[in-house]
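# Sequence and computational prediction follow.
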Amino acid sequence: MKHRRIPKRRAAAAGAAVVALVATGITFQTANASEGSAPTPALKTLSATGATQLASSLAKQLGADAAGSYFDAKAKNLVVNVTDKAAAETVRAAGGQARIVEHTLAELKAARTTLAGKASIPGTSWATDPVSNKVVVTADRTVKGAALAKLTRTVQELGSKAQLKQSKGEFKPLIAGGDAIYGGSARCSLGFNVTKGGEPHFLTAGHCTADIQSWSDKQGGSAIGTTADSKFPGNDYGLVKYTGDTPHPSEVNLYNGKTQAITKAGDATVGQKVQRSGSTTQVHDGEVTGLDATVNYGDGQVVNGLIQTTVCAEPGDSGGALFAGDTALGLTSGGSGDCSAGGETFFQPVPAALAATGTEIG
């Protein structure tokens, strides 16, 4: 049986330009420390995975004083937003770079709540951007006239806590009729092979599995699996149980004759370099620009908790794998661009899908 693999490249998310990952944070060091003063803690050089782990640890220590974080991929440091100097010292002591910002996470969360209540307009998205310390709101090309005026007023009411951008594309789930994994006339992409109770399954997008039960690896071919679980809207994951008990490799197709082994799932980090693979456009890369993004797709269906990225994708790439090295990060949900003009693409986080379906990588 032919195995489909996928490589890849992060609603309420706002389309964001590639984040400039230069260290702009305040480090609270004196230029000339006096004799006998305590040495300044050194910044830790981190991988994206290490930055995620440090960010999680510091978020617990700092509590309400934490205001988000992101990975400076160039310097390989974790930049942590804080609200006062005491919190900054805690960050520095742990090896992170501290930056005092204007808005707390609670304030930005309240801004998102306002957007959800007043501006849940099809064709919009928003996400908290730790680099700008704002909620970045994006309107796609379908948002016009009274709808755009309403969105603009709502963003303006939020003052410095929010920023409005417009996208040339259109937010839509990336499903099409064609290749990779087929269900009737629909084509999507396989995300990651997983197991449940020792039995082989695979993850894909929930908007693919929502109305389709049987899947094939070729148009009109025999079934390779049946839908076992599906969630869309709200989330966007689907679980398909393979026919038979034959194990399937935990790897992603790089479309160059090679594969990338996938050994674990992990959380994405803003600023992280990622790859995406799908059956339409194959392998592309980019950066994570937002987490916990909300997308109001054009058909009025809302998906929350997504990873926002600069990776391109096109119809048929839905369900495809977003990964970094051997770590599974996301499943392709939708976006506003293509691989000629670019745009934003959103992904369902894999750890949440694994937890919800009771599955594991491997």
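Arrived safely, thanks for sending.
# check which helix or strand covers residue 86.
helix 85-93 (DSSP states H and E).
# Would you mind listing the buried residues in that helix?
Neighbour-count burial for helix 85-93, counted by 16 or more other Cβ atoms under 10 Å, picks out 87-88, 90-92. (C-beta placed from N, C-alpha, C; glycine too.)
# Would you convert these into JSON lines that also reports pLDDT?
JSON lines is the format used below for the buried residues of helix 85-93 (pLDDT from 0 to 100):
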{"residue": "87", "pLDDT": "97"}
{"residue": "88", "pLDDT": "97"}
{"residue": "90", "pLDDT": "97"}
{"residue": "91", "pLDDT": "97"}
{"residue": "92", "pLDDT": "97"}
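# Make JSON lines out of those residues and add distance to residue 172.
Below are those laid out as JSON lines (distance: Cβ to Cβ, whole Å):
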{"residue": "87", "distance to residue 172": "41"}
{"residue": "88", "distance to residue 172": "42"}
{"residue": "90", "distance to residue 172": "43"}
{"residue": "91", "distance to residue 172": "40"}
{"residue": "92", "distance to residue 172": "44"}
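# Against which helices or strands is the helix holding residue 86 packed?
helix 48-62, strand 77-82, strand 97-100 (3 or more Cβ pairs under 8 Å, 6 or more residues apart in numbering; DSSP states H and E).
# now that helix: how far from the chain's centre is it?
Centroid separation for helix 85-93 versus its chain: 28 Å, with Cα atoms, centre = their mean, to the nearest Å.
# Alpha carbons of that helix, as CSV, please.
The C-alpha trace of helix 85-93 is given here as CSV (Å, rounded to 0.1, in the frame of the first residue of the first chain):
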residue,chain,number,x,y,z
LYS,A,85,11.9,45.2,36.5
ALA,A,86,11.6,42.5,39.1
ALA,A,87,10.1,40.1,36.5
ALA,A,88,12.9,41.1,34.1
GLU,A,89,15.5,40.1,36.7
THR,A,90,13.8,36.7,36.9
VAL,A,91,14.0,36.3,33.2
ARG,A,92,17.7,37.3,33.1
ALA,A,93,18.6,34.9,35.9
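# and the nearest residue to residue 93 once chain neighbours are set aside, which of the three is it?
Closest residue in space to residue 93, ignoring its immediate chain neighbours: residue 41 at 5.3 Å, by Cβ to Cβ, 6 or more residues apart in numbering. Assigned by DSSP: H, G, I helix; E, B strand; the rest coil, the conformation of residue 41 is coil.
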